[in-house]
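Visitor: only geometry, no sequence info:
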């Protein structure tokens, strides 16, 4: 059988009850804040923003790496352009633009 004797005075029991009520009220207030629609929406927005920031950060690092690689192919470490690589690419680009212009002119004419 359980021991039902309590050595606390009525004043101590009342103080314990008051303390527990206050703790319970604080807990209920916290729960109310957590389940409030504005809190839920705010938390969801924060999570989405964090995911977007993370994704954009990863994309930035990836693009930065690609740009660095491309730059490394066309610029020497001392900053001088690598004409032996730039000139052929420029000629191909000019040729493609010329072909596109001719194709457009033939369709119109």
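Guide: Perfect, I can see it now. Just so we're clear, the structure is a prediction, and the values are computed from it rather than from any experiment. Numbers count the residues shown, from 1 in each chain.

Visitor: Check which helices and strands the longest helix along the chain sits against.
Guide: What stands out as the longest helix in the chain, according to DSSP state H, is helix 37-74. In terms of contacts (3 or more Cβ pairs under 8 Å, 6 or more residues apart in numbering; DSSP states H and E), helix 37-74 is packed against helix 83-108. Where you see a C-beta, it was placed from the backbone N, CA and C, and this is true even at glycine.

Visitor: by contact count, what packs against the helix it packs on?
Guide: So helix 83-108, by 3+ Cβ pairs under 8 Å, 6+ apart, packs with helix 37-74.

Visitor: what inclination does the helix or strand of the chain with the lowest mean pLDDT have with respect to helix 37-74?
Guide: Using mean pLDDT, DSSP states H and E, the weakest-scoring helix or strand in the chain turns out to be helix 83-108, at a mean of 88. For helix 83-108 against helix 37-74, the angle by axes from the mean of the first three to the mean of the last three Cα atoms, to 10 degrees is 110 degrees.
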